[in-house]
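In: model this:
(2 chains)
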Amino acid sequence: MQITKWLLAMFCAAGLWMALVPAGMAEEYEVPEANPYSGDKKAIRSGRSWYRNVCSPCHGGRADGQGERGTGADLRKQKLGYKGFVEVVLDGRKVQGRIQFMPGWRNVLSMKDILEITAYVETLALPEANWE
Amino acid sequence: MQQLKLKGVIAAMALAGFAGLAQAGGPVTDKMLSMDAGDEWLHANGNWAGHRYSTLNQINARNAKKLNVAWMKSIGAKTDTMATPLYHDGLLFIPQDNKVFALSADDGSIVWKYEHTLPEDWGGYNVPFFTGKHRGVAISGMYVFFLSNDNKLHALDYKTGKAAFVKDYQDQGFPYPKDFSQAGDSNGYVSTVGPLAIPGAILLPMNATDTGGLPGYVVAANPSNGDVMWKANMIPGPGEEGYDTWPEGSHEYGGAGPWIVGSYDPDLKMYFTGTANAYEWNPKNRGGGEMDNVGAASIVAVNTGDGSVAWRYVGVPGDPWDYDLPQTPLVIDIDGKKTIVQPNKTGYIHHLDAKTGKFLKADKFIDQVNWIKGYDKNGRPIDMIPLPEEGGDPVLVQPGLLGGVNMYPSAYNPKTGLVYLPAAESGMMYGFEEIKIISNVRHFGAYQEFEWGPEVDKAVNVKTGEEVWRDTQEGEPGYAGGMLTTAGNITVYTTQAGKFTVADAKSGKILYRLNMGGAAKSGPMTYKHKGKQYIVQALGGVAQFGRDEPLKNEFASVIVAFTR
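Out: The predicted structure is shown next:
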């Protein structure tokens, strides 16, 4: 009896959690120490497909910041390091005094998608970029 | 004595009448809306026909070199300023960042400001790019009509800025787009375009093309309360000609939104608009480029009596290149025939019979065009280049997707018979990808890399299609903000690099040029105030879609008035 009540309580709590938290929220967004997809050809191909749909409108097909949808950063020269880059993709970045901004992709794309995009952008790096 | 008194009364009446003509206060009437721009500028593009031509000639080709700056004013824009201001009764009206400003025509000072706040869950695909941009307001009766980004029509008393009503069209099938992380369905309409005032209606273009592809409409709103009088669908519905040029189900996300102020002909009582690309950019869900997708990348004529579509002409059948034809169709009388003349992204100026939509001709107006060899006598492209493979290498396409001309408005001068184009030589490397979907929003499934060429501002003989003059901005890619031309034989434009330019309308000789140091993304306008002609240019924006370097400019926001 006790166990049944406990199970019921757990079931209700889980239901409440599912109802209150939007899909994807439960997903883990911890940034790994190193990108497990770095240099992985299949993952890079998948990241490129995401990049070309989601990122290129602002950052351009070449990732040079020349998008037809605005002034993205030149990602070939990004200097935030691997972790800093992923954090900006997750949480976005606003520009003081301007309306256009980099939106955050946490709870929109999966961590795997983001890491694959990251692995693709890394392949476009110019010498001055920082991916450490 | 009696006679003297009478003479005095007549003189006073004459003076009052003259003052009334020179300074038309009070409500804007249908008669006023029907005229070419003169003392007043009452439509974003000057008149219903979209000519951006003014009958004023106080500033002219003989004296333009003596222009001076009369005043300057910042409206604190935080994104591109794309609207041409209106002028009525001593006030200039300009929308920016979901606000509307009324500026004094004397000195640019702000007389009133109206501010609208977007919903908290505002967001979605490409939405930050569109937010805050507006291509004009309309004026009719006592109200300035403003369409905010979230598709609400605001009727503002032109003297006070107080809203008489704010009409929301969400329950009419026009939701706004929502933040991906907060919505199961983020699709929605974003209004960046200006309304057009015609007798008895305010025409509202509704566009959702590049925010997920919901289909485009033109809505007629009742000027007294904003109620919907009719909705005209750009994509043909069941039973309409062209419905079967889309695979079953693809109409629903086919795009084809009107996104630039259209034009109107009071005799035919038709509204003419260009439409956006078909959606998604990758055409695999809508016939793979083999089906025409009529209504997208098209010019559409709407009967304004009942909202029925009179005709649709598709300029880029099956549009695989994001070559929408959104530009304002100019209505021009050519050899007694009312003709729709539309310079557009394709690199061609299309001529159609205004009444029937019959294709007449297409004149090439830029040097670099490789996507087709021309148009046949039926208005269909000849020998289009093959489409790239999905996931394969991108292909070179000229012009690029920003086009031979883009959103920046052209002008027509009936005295010279020339059309003035803010054109550019451009190209792109263009490829297809699988189409990703987030929160029910279908993404482009395509991408591109710019191949920049110079801005080329030019004049073309509308009858013959021959280029008469050009002003090439060597090393400076982009487009002028738009063109203005007047009865004083001048054509006025500001280059993307910020060079305010007055050229001889006939010869193209540059009469006056001032580097204003910031990008122009709107066309100039002119008005007469207290007996003096002014030319106004609103500056503001990010040069070149994110390419500041060659122009050596940063973001600017200022409105500048010139006079002599």
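
In: use CA for all of it now, contacts and neighbours both
Out: Noted.

In: And for the closest residue to residue A:64 other than its chain neighbours, the neighbour number?
Out: Nearest residue to residue A:64 in three dimensions, chain neighbours excluded: residue A:74, at 4.3 Å (CA to CA, 6 or more residues apart in numbering or on different chains). Counted by other CA atoms under 10 Å in any protein chain shown, the residues lying close to residue A:74 total 18.

In: pLDDT value on residue A:74, please?
Out: Looking at residue A:74, its pLDDT is 91.

In: So it is in contact with residue A:67, correct?
Out: No. Using CA atoms under 8 Å, residue A:74 makes no contact with residue A:67, being 10.0 Å away.

In: Find the centremost residue of chain A, please.
Out: In chain A, the centroid-proximal residue (CA atoms, centre = their mean) is residue A:114; its distance is 3.6 Å.

In: er, chain B actually
Out: residue B:260 (3.8 Å).

In: where does it fall, phi/psi-wise?
Out: When read as degrees, to the nearest 10, the backbone of residue B:260 gives phi -140, psi 150.

In: do you know how far it is from residue B:558?
Out: 23 Å (CA to CA, to the nearest Å).

In: Now whichever residue of chain A sits closest to chain B, what are its backbone angles?
Out: At 4.0 Å from chain B, residue A:71 is the closest residue in chain A, using CA to the nearest CA. In terms of degrees, to the nearest 10, the main-chain angles of residue A:71 are phi -90, psi 80.

In: what about it, how many neighbours?
Out: Counted with other CA under 10 Å, residues neighbouring residue A:71 total 25.

In: I'd guessed it sits against residue A:65; true?
Out: Yes. Between residue A:71 and residue A:65 there is a contact under CA under 8 Å: 6.0 Å.

In: returning to that earlier point: joint contacts of residue A:74 and residue A:67?
Out: Each of residue A:59 lies in contact with both residue A:74 and residue A:67 under the rule CA atoms under 8 Å, 6 or more residues apart in numbering or on different chains.

In: quick one, what contacts the residue found closest to residue B:441 once you drop the neighbours it is linked to in the chain?
Out: Leaving out its chain neighbours, the residue that sits closest to residue B:441 by CA to CA, 6+ apart is residue B:212, at 5.0 Å. Counting by CA under 8 Å, 6+ apart, residue B:212 touches B:125, B:187, B:188, B:253, B:255, B:279, B:280, B:441, B:442, B:443.

In: ok, the fifth one touching residue B:217?
Out: No. Between residue B:255 and residue B:217 no contact is recorded; they are 9.7 Å apart, counting by CA under 8 Å.

In: Those two: who's more crowded?
Out: residue B:255 (31 against 23).

In: Now do that one against chain A, distance only.
Out: Per CA to the nearest CA, to the nearest Å, residue B:255 is found 17 Å from chain A.

In: likewise residue B:323?
Out: 13 Å.

In: contacting residues for that residue?
Out: B:276, B:277, B:297, B:316, B:345, B:346, B:401, B:402, B:403.

In: near chain A, which residues of chain B show up?
Out: B:78-79, B:126, B:128-129, B:131-132, B:180-182, B:391, B:402, B:433-436, B:438, B:443-450, B:542, B:545-547 (CA under 8 Å from any CA of the partner chain).

In: hmm, try it at 6 Å
Out: Those residues of chain B that sit near chain A, judged by CA under 6 Å from any CA of the partner chain, are B:78, B:128, B:129, B:181, B:443, B:444, B:445, B:447, B:448, B:449, B:545, B:546.

In: now chain B, which segments are flagged as low pLDDT?
Out: Low-confidence segments of chain B (pLDDT under 70): B:1-24, B:543-550.

In: so which strand or helix has residue B:203?
Out: strand B:201-208 (DSSP states H and E).

In: wait, doesn't residue B:381 sit right on residue B:375?
Out: Yes. Taking contacts as CA atoms under 6 Å, residue B:381 lies within contact range of residue B:375: 4.5 Å.

In: So in chain A, where's the weakest helix or strand by average pLDDT?
Out: Across the helices and strands of chain A, mean pLDDT, DSSP states H and E gives its lowest value to helix A:2-20, namely a mean of 49.

In: Tell me which two in the residues of chain B next to chain A are the farthest apart.
Out: Using CA to CA, the residues of chain B next to chain A reach their maximum pairwise distance at B:78 and B:445, which is 29.7 Å.

In: Those two: who's more crowded?
Out: It is residue B:445, of residue B:78 and residue B:445, that has more neighbours when counted by other CA under 10 Å, with 25 against 22.

In: Now the more buried one. Nearest residue, chain neighbours left out?
Out: With CA to CA, 6+ apart, the residue lying closest to residue B:445 is residue B:435, at 4.1 Å.

In: before we move on, back to that, who has more neighbours, residue B:381 and residue B:375?
Out: residue B:375 (19 against 16).

In: Tell me if I'm right that that one and residue B:364 touch.
Out: No. Under the criterion of CA under 6 Å, residue B:375 is not in contact with residue B:364, lying 9.6 Å apart.

In: Might you enumerate the residues of chain A proximal to chain B?
Out: Counting by CA under 6 Å from any CA, chain A sits next to chain B at A:52-53, A:61, A:66, A:68-71, A:98-100, A:107-108.

In: Would you point out the most distant pair within those?
Out: Using CA to CA, the two most remote members of those are A:66 and A:107, lying 26.5 Å apart.

In: Can you pick out the residue with more neighbours from these two?
Out: Comparing residue A:66 with residue A:107 by other CA under 10 Å, the one with more neighbours is residue A:66, at 26 against 20.
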